[in-house]
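Novice: quick one: sequence plus predicted model below, questions after.
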Amino acid sequence: MYNISNKIIKEVSLTLILVLLLFSNTLFAKNKESYEYLDLFGQVFDRVRSSYVEEVTDEELIEKAIDGMLTGLDPHSGFMNAEIWKEMQVDTKGKFGGLGIEITLEEGFVKVISPIEDTPAYKAGVLAGDYIIQINETPVFGLTLNEAVDLMRGDRGEPITITISREGLEPFELTIIRDIIKVQSVKSEIYENIGYLRVTSFSEQSEDGLKKSIKKIKKELGQNEKGYILDLRSNPGGLLDQAVKVTDIFLEKGEIVSTRGREKKDIKRYNAKSGDLINKKPLVIIINGGSASAAEIVAGALQDHKRAIVIGTNSFGKGSVQSIIPFQKSNSNEMTGIRLTTARYYTPSGKSIQGKGIVPDIIVEQGVFESFDYQNFSEADLKDSLDKEDKNKNTEESPEEELSEKEKKLKKDFQLQRALDLIRGLSIYKESLTN
């Protein structure tokens, strides 16, 4: 019995060894090229560590190597060391330090996707589409995105000078005072009987902020509400789940967005739940070249479902999905991570947002108003016009009433004026059908 058992054990062991050898040979053959390049990396690492003109720590070399691997894939992928990881935890909660701009890398330079409203960069006049070519004395060309962000961040109250390249202008400098960035994700106003909803970015507060604003408007207007305007201009995006929840506020059903990865099976669809919070009232969305990512998801979904009319200019076209993947250092509590592009966004009709953006239903440029005020031009201003009949009754002209800040803003905002006109027109048409 002993001899038979021993023989069986030997045969099983031999079989296992053969299987493992075959498996490892297959695996080795499949990954041979990868192993060869990893060996090459090890050789280069050793040479840089021993021969570089200045002493560099192993940690710094490895972090730069990982970041280089990721940024070489696309402008939105990258490595987040422990410091950047900590800062990111603050960013998505709506409070962080710096200038207040969403940026990307394009052809070696930093391109502004959009300044965030009410931040130092926004107030200083930084525009979507601007290129930052120098930060203080440091040229930007060749820097990674993380390096550029590090240069722009600093203590509150510290000045920073950036050199801007803008189409049609010579490069110019802007000196901006750094501040703690507190992002108010949602703002609201009422223009006559029309609710105005401004979403500046998609942070954790967006859905709740929008619901509260709608509730406040509905309470103030009662049965007189004519419709709503959703302003997504210069909204650089943010959290995907918030974009989905904000879209869901205006939809009864249907797909909101899908993300599609490398494999056919890597498709994830996000669908609306029942309940249109504004009860199918007319909705107009305003977008521009600074509307990106999550803002494009919202505009694209509501446009595809014919739930809103989109006006303005083409959006930015950032339709790629970045997954945040955490890593913990061995023998340490420190967290690091990578930001990796893993999929693309598609609107409900199957259109890719990446590189194309959202095309408005009605193109409305913002326009530049001339110095004279055409709205005050009338018959009395024409040469040799007839005198007013009552000019002797009152020789003193009554001073023009001072405009409120809201009225001043509206007077200069051509796109918002057209959006209001659209809501008025849609409301009149809808009422005519019920009479």
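Specialist: Good, I have the coordinates. Numbers count the residues shown, from 1 in each chain.

Novice: only C-alpha atoms from now on, for both contacts and neighbour counts.
Specialist: Noted.

Novice: show me the helices in the stretch 301-435 of the chain, by range?
Specialist: Secondary structure of the stretch 301-435 of the chain (DSSP state H, counting those that start in this stretch): helices at 405-412, 414-434.

Novice: what residues of the first one count as buried?
Specialist: Right, the one you point to is helix 405-412. With burial defined by 16 or more other Cα atoms under 10 Å, not one residue of helix 405-412 is counted as buried.

Novice: and if you look at stretch 189-207?
Specialist: Here stretch 189-207 shows 190, 193-207 as buried, counting by 16+ other Cα under 10 Å.

Novice: from these, which land in strands?
Specialist: Judged by DSSP state E, strands contain the following of the buried residues of stretch 189-207: I190, I194, G195, Y196, L197, R198, V199.

Novice: return the residues in contact with L127.
Specialist: Residues in contact with L127 (Cα atoms under 8 Å, 6 or more residues apart in numbering) are V112, S114, P115.

Novice: I misspoke; the intended subject was Q328.
Specialist: E334, M335, T336.

Novice: which element is S50 on?
Specialist: Assessed by DSSP states H and E, S50 sits inside helix 2-51.

Novice: er, A65 actually
Specialist: helix 58-71.

Novice: identify each buried residue in that helix, please.
Specialist: Result for helix 58-71 [16+ other Cα under 10 Å]: buried residues D67, L70, T71.

Novice: nearest to L433 among these?
Specialist: Looking at those and their distance to L433, the nearest is T71, at 56.0 Å (Cα to Cα).

Novice: surely that closest one touches K64?
Specialist: No. T71 lies out of contact with K64 (Cα atoms under 8 Å); the separation is 10.2 Å.

Novice: low-confidence stretches in the chain?
Specialist: The model of the chain has pLDDT under 70 over residues 1-30, 90-97, 367-401, 435.

Novice: which one's the longest strand in it?
Specialist: Longest strand of the chain, by residue count under DSSP E: strand 335-346.

Novice: for it, packing partners?
Specialist: With contacts taken as 3 or more Cα pairs under 8 Å, 6 or more residues apart in numbering; DSSP states H and E, strand 335-346 sits against strand 78-80, helix 82-91, strand 255-260, strand 320-328.

Novice: save the ones you listed as TSV, and put in distance to K280 too.
Specialist: Output for the helices and strands packed on strand 335-346, formatted as TSV (distance: least, Cα to Cα, whole Å):
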stretch	distance to K280
strand 78-80	42
helix 82-91	34
strand 255-260	17
strand 320-328	30
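
Novice: out of those, deepest packed?
Specialist: Comparing the helices and strands packed on strand 335-346 by mean neighbour count (mean count of other Cα atoms under 10 Å), strand 78-80 comes out on top with a mean of 25.

Novice: chain center to it, what's the gap?
Specialist: 18 Å (Cα atoms, centre = their mean, to the nearest Å).

Novice: residues in contact with that strand: which ones?
Specialist: Here strand 78-80 makes contact (Cα under 8 Å, 6+ apart) with E63, I66, D67, G68, L70, T71, N146, T336, G337, I338, R339, L340.

Novice: go with 6 Å
Specialist: Here strand 78-80 makes contact (Cα atoms under 6 Å, 6 or more residues apart in numbering) with D67, L70, T71, T336, G337, I338, R339.

Novice: now for those: which two are most distant?
Specialist: The two members of the contacts of strand 78-80 with the most space between them (Cα to Cα) are T71 and T336, at 16.1 Å.

Novice: if we can go back for a sec, quick one: contacts of the helix holding A65?
Specialist: With contact meaning Cα under 6 Å, 6+ apart, helix 58-71 is reached by S77, G78, F79.

Novice: tilt between it and strand 335-346?
Specialist: For helix 58-71 against strand 335-346, the angle by axes from the mean of the first three to the mean of the last three Cα atoms, to 10 degrees is 0 degrees.

Novice: does R156 really touch I177, like I thought?
Specialist: No. The pair R156 / I177 is not scored as a contact, 7.6 Å apart, by Cα atoms under 6 Å.

Novice: more crowded one of the two?
Specialist: I177 (18 against 14; other Cα atoms under 10 Å).

Novice: once you drop chain neighbours, what's closest to that one?
Specialist: Once flanking residues are discounted, I177 sits nearest to P159: 4.3 Å by Cα to Cα, 6 or more residues apart in numbering.

Novice: can you get me a residue count around that neighbour?
Specialist: P159 has 16 nearby residues by other Cα under 10 Å.

Novice: sweet, I'm off.
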